[in-house]
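1. What follows is a protein structure lacking sequence information:
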């Protein structure tokens with residue numbers, strides 16, 4: 001009788017081990033699948049970021065070309081003067097400016 005019970009226990013243990021191996025393999029496959037999906041999503045995100053950076057690079061190259069053209073001109077003083085007066089709000093020493101303060 002003991003031999004029969006030991007045989008049943010061995011079969012049950014083997015079935016439990018086989019089930020544990022199947023569950024472990026299933027979990028491993030799910031983790032691998034999740035990792036692959038996450039990696040693919042990261043790749044797509046990085047490709048979009050690369051496209052954005054490439055378009056920004058093109059804009060900066062054009063802007064740099066414009067600056068190089070300005071610097072290669074013989075008369076940079078006129079450019080500096082127009083930049084100082086127009087963009088930065090500087091004025092000539094003898095210039096008088098009037099501002100409308102009634103709007104404040």
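-> That came through, no problem. Being a predicted model, the structure only gives us computed values, none of them experimental.
2. Locate the residue most central in space within the chain within the secondary structure: which element?
-> Central residue of the chain (CA atoms, centre = their mean): residue 49, 4.9 Å from the mean position. Using DSSP states H and E, residue 49 sits in helix 2-72.
3. which residues are in contact with the helix or strand following that helix?
-> Downstream of helix 2-72, the first helix or strand assigned by DSSP H and E is helix 76-82. With CB atoms under 8 Å, 6 or more residues apart in numbering as the contact definition, helix 76-82 has outside contacts at 70, 73. Yep, even glycine has a C-beta here, placed from its N, CA and C like the rest.
4. how far out from the middle of the chain is stretch 72-92?
-> 38 Å (CA atoms, centre = their mean, to the nearest Å).
5. again, but for stretch 15-28
-> That offset, for stretch 15-28, works out to 39 Å (CA atoms, centre = their mean).
6. cool, and stretch 38-52?
-> In this view, stretch 38-52 has its centroid 8 Å away from the chain centroid, taken as CA atoms, centre = their mean.
7. How about residues contacting it?
-> Contacts of stretch 38-52 (CB under 8 Å, 6+ apart): none.
8. Give me the buried positions along that stretch.
-> Residues of stretch 38-52 classed as buried: none (neighbour count, 16 or more other CB atoms under 10 Å).
9. quick check: mean pLDDT across it?
-> On average, the pLDDT along stretch 38-52 is 97.
10. Also stretch 60-74?
-> 86.
11. buried sites along it?
-> Buried-residue list, stretch 60-74, by 16+ other CB under 10 Å: empty.
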